[in-house]
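Asks: need a 3D model of the sequence below.
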Amino acid sequence: MPIPRILALTDVNMASLPQQAEQVVAFYTELVGLDHLPEESDEHRKVFRGDRRRGPRIVVRLRSPLGEEDRRRVLIQVASLRDYVERLTEQRVFWQEIRGWGYYDRRLYVFDPAGNLVELVCYHLL
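Replies: Numbering: from 1, shown residues only. Here you go, the predicted structure:
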């Protein structure tokens, strides 16, 4: 499966509680399919990249306490939503499908363990 692409101009900074660090890593690597960058991660942050050759990273800062203002939204382009529907359903993760204005504009909305909104988007049917 192709590596998903983070659709942002710069790095996406998010936040999570320190006790959720393992869940956040599992969510973004196993469910979303991003690469975890351990050489850039430490006990204060976890760093993920989509397409390895270019593009922004997701940087999840681990801190406490968190407020609603710490919640972020990230847009990630994927090749096919069908695989994600199966994977999220198997893991019993709540998701919602949204269809955009165009016939091929499909999106899945899902929340990461820290409550950040992750929007998986596919602009064509595969």
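Asks: for Arg87, phi and psi?
Replies: phi -60, psi -50 (degrees, to the nearest 10).
Asks: could you pull out the strands in the chain for me?
Replies: Using DSSP state E, the strands of the chain run over residues 5-6, 12-16, 35-36, 45-49, 57-62, 73-77, 95-99, 106-111, 117-122.
Asks: only alpha carbons, please: show the lowest-mean-pLDDT helix or strand in the chain as CSV.
Replies: Least confident helix or strand, the chain: strand 95-99 with a mean of 90, by mean pLDDT, DSSP states H and E. This file holds the C-alpha atoms of strand 95-99, laid out as CSV (Å, rounded to 0.1, in the frame of the first residue of the first chain):
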residue,chain,number,x,y,z
TRP,A,95,-15.4,6.7,11.7
GLN,A,96,-17.7,8.7,9.5
GLU,A,97,-17.7,8.9,5.7
ILE,A,98,-18.3,12.3,4.0
ARG,A,99,-18.8,12.8,0.3
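Asks: what does it rub up against?
Replies: Contacting residues not belonging to strand 95-99 are listed as Leu81, Tyr84, Val85, Leu88, Thr89, Asp105, Arg106, Arg107, Leu108, Tyr109, Val110 [Cβ atoms under 8 Å, 6 or more residues apart in numbering]. C-beta here means a position set from N, CA and C on the backbone, and glycine is covered the same way.
Asks: now the closest residue to the fourth one other than its chain neighbours: how far from Leu66?
Replies: Looking back up the chat, that one is Leu88. What sits nearest to Leu88 in space, not counting adjacent residues and going by Cβ to Cβ, 6 or more residues apart in numbering, is Trp95, at 4.7 Å. According to Cβ to Cβ, to the nearest Å, Trp95 and Leu66 sit 22 Å apart.
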